[in-house]
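Asker: missing the sequence, but the structure's below:
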């Protein structure tokens, strides 16, 4: 059933398919480029300047692996030295460092910031961190942050509308109560900070789904330490003992 009906039915109908089609219509490639030129460009982004020949043999792969590790080590040492120099001059505010996800092979979003501020508070925090004098690039980035956060609000409101429609249509009183509670939670989070454990889980679910829709399944996106993120919102002694 999965291969014969479900997968063929959804082919070309998902949000990811629509995104890829939009990329292609604007001459933006969404395909993985493994050409030698692109591989060398990616290696340079890891700090590798001389990677040697790129081939399929075991020796070439081992050389490539050693080159990447050496480049990452050198780049990490240089970044640490720069951070120490900057730290002596001026310490960067913690809030400014946690507004954006850290680019890495497994992206870990700043979920703690999202749960603490809600998507409504992130643009305001970004403006405070940037200060009054903003470059053209900083201003454009903050505008894109505001649009993304508004998109999260619209995303959750679609679930609010659906839950209310289903609540009005169901003859089961217990199910109606569940749907009304879902609508109430989704009308608050992730736009506003969660007030309890259920709202925190709902906000986490929305955030993770939006990330997967944006970057595609298999992108290595993780919310981080979920137990630590949800701990402040839980009043359950069992959960707190387990954490």
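Answerer: Noted; the coordinates are in hand. Quick caveat: nothing in here was measured; it's all calculated off a predicted structure. Residues are numbered from 1 along each chain as shown.
Asker: I'd say residue 126 and residue 144 touch.
Answerer: No: contact between residue 126 and residue 144 fails when scored by C-beta atoms under 8 Å: they sit 10.2 Å apart. C-betas here are computed from N, CA, C, even on glycine.
Asker: the two: which has the busier surroundings?
Answerer: Legend: neighbour count by other C-beta atoms under 10 Å for residue 126 and residue 144, higher for residue 126 (19 against 10).
Asker: which of the three states applies to the more buried one?
Answerer: At residue 126 the chain is in helix, as set by DSSP: H, G, I helix; E, B strand; the rest coil.
Asker: show me where the chain has its strands.
Answerer: Counting by DSSP state E, the chain has strands at residues 107-108, 221-222.
Asker: among the ones you listed, which gets the worst mean confidence?
Answerer: Here these differ in mean pLDDT, and the lowest is strand 107-108 at a mean of 55.
Asker: separation between the spatially closest residue to residue 212 that is not a sequence neighbour and residue 4?
Answerer: Counting by C-beta to C-beta, 6 or more residues apart in numbering, residue 212 lies nearest to residue 221, which is 6.3 Å off, once chain neighbours are set aside. To residue 4, residue 221 is 30 Å away according to C-beta to C-beta, to the nearest Å.
Asker: distance of residue 148 relative to residue 165?
Answerer: 27 Å.
Asker: higher neighbour count, residue 221 and residue 4?
Answerer: A count of neighbours by other C-beta under 10 Å puts residue 221 above the other of residue 221 and residue 4, at 19 against 8.
Asker: number of nearby residues for residue 210?
Answerer: If we define neighbours as other C-beta under 10 Å, then residue 210 has 19 of them.
Asker: quick one: it from residue 140, how far?
Answerer: 21 Å.
Asker: now do residue 174
Answerer: Applying C-beta to C-beta, one obtains 49 Å for the distance of residue 174 from residue 140.
Asker: more neighbours: the two, which one.
Answerer: A side-by-side neighbour count of residue 174 and residue 140, using other C-beta under 10 Å, places residue 140 first with 11 against 8.
Asker: and the more buried one, what pLDDT?
Answerer: Per the predicted model, pLDDT is 88 at residue 140.
Asker: next, the distance between the ends of stretch 166-175.
Answerer: End-to-end span of stretch 166-175 (C-alpha to C-alpha, to the nearest Å): 9 Å.
Asker: quick one: mean pLDDT over that stretch.
Answerer: 96.
Asker: ok, now stretch 183-200?
Answerer: The average pLDDT for stretch 183-200 rounds to 94.
Asker: and it, what's buried?
Answerer: 183, 185-194, 197-200 (16 or more other C-beta atoms under 10 Å).
Asker: quick one: end-to-end distance for it.
Answerer: Terminal residues of stretch 183-200 are spaced 14 Å apart (C-alpha to C-alpha).
Asker: what residues does that stretch touch?
Answerer: The contact list for stretch 183-200 (C-beta atoms under 8 Å, 6 or more residues apart in numbering) reads 114-121, 152-153, 156-157, 159-160, 163-164, 167, 202-203, 206-207, 229-230, 233-236, 239.
Asker: contact partners for residue 35?
Answerer: Counted by C-beta under 8 Å, 6+ apart, residue 35 has zero contacts.
Asker: quick check: domain ranges of this protein?
Answerer: 32-91, 98-243 (automatic domain parsing).
Asker: by mean pLDDT, show me the worst of the ones you listed.
Answerer: Mean pLDDT, when computed for each of the domains of the chain, is lowest for domain 32-91, at a mean of 58.
Asker: perfect, that will be all.
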